[in-house]
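Participant: Give me a 3D structure for the following:
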Amino acid sequence: MIKDIIKLAEEKMTKTVSVLQSDLSTMKAGRANPTMLDRIQVDYYGSMCSINQVANVAAPEPRMLVITPWEKPLLKEIEKAILKSDLGINPNSDGSVIRLVVPELTEETRKNLVKTVKKTGEDAKVAIRSIRRDANDKIKSLKKELDLSEDEIKKGEDSIQKVTDGFIKEIDNILTSKEKEIMSI
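Facilitator: Presented below is the predicted three-dimensional model:
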């Protein structure tokens, strides 16, 4: 029963880390990355879709994205969505494709971006710790239900702590590599 709780907690922690990686991949680091556009929604005949669902997004150069809509009328909608977003890049359209030139990051912008990365990482750590707390609460409730010994409860809590420590370390490694990526010129 305790093993099931630990396994469930591990699955939730894994999802938290993958969400963190997804969030960090959408942050621009001075080079073009198609995932930067994943959060931007486009009005596609009344329903909101991400850009990669209505267009081909490519990075032919390190600092340029080229968006080729599958339907011509979407060109204007994609442009509007990019302008409304927090991306801070002006789209250049030639009537068939949209080009986004990712500007070089200034030192101040890099530092602000690192702060955002750290905050996002801290949020992920808080989520991991919350999962740990929930798992520990479930283990403690098992003590009453199944009449488990203190040693079994302690072993379960120690296992949860080891799993938590591993995921916190993984988050720290992800954040360190993202900070290096942002701060490298």
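Participant: Would you state the strands of the protein in chain order?
Facilitator: Ranges of strands in the chain, per DSSP state E, are 41-44, 47-50, 55-61, 64-69, 92-93, 98-101.
Participant: Point out the other helices and strands that the longest helix seen in the chain packs with.
Facilitator: Criterion DSSP state H: the longest helix present in the chain is helix 107-146. Under the contact criterion of 3 or more CB pairs under 8 Å, 6 or more residues apart in numbering; DSSP states H and E, helix 107-146 touches helix 2-25, helix 150-183. (Each C-beta comes from the backbone N, C-alpha and C, glycine too.)
Participant: Could I get the strands of the chain in JSON lines, plus columns for mean neighbour count?
Facilitator: JSON lines is the format used below for the strands of the chain (neighbours: other CB atoms under 10 Å):
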{"stretch": "strand 41-44", "mean neighbour count": "18"}
{"stretch": "strand 47-50", "mean neighbour count": "13"}
{"stretch": "strand 55-61", "mean neighbour count": "16"}
{"stretch": "strand 64-69", "mean neighbour count": "19"}
{"stretch": "strand 92-93", "mean neighbour count": "13"}
{"stretch": "strand 98-101", "mean neighbour count": "18"}
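Participant: As a markdown table, these with distance to Phe167 and mean pLDDT would be great.
Facilitator: Listed next are these as a markdown table, based on distance: least, CB to CB, whole Å; pLDDT from 0 to 100:
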| stretch | distance to Phe167 | mean pLDDT |
| --- | --- | --- |
| strand 41-44 | 30 | 86 |
| strand 47-50 | 28 | 86 |
| strand 55-61 | 31 | 87 |
| strand 64-69 | 32 | 89 |
| strand 92-93 | 42 | 86 |
| strand 98-101 | 34 | 88 |
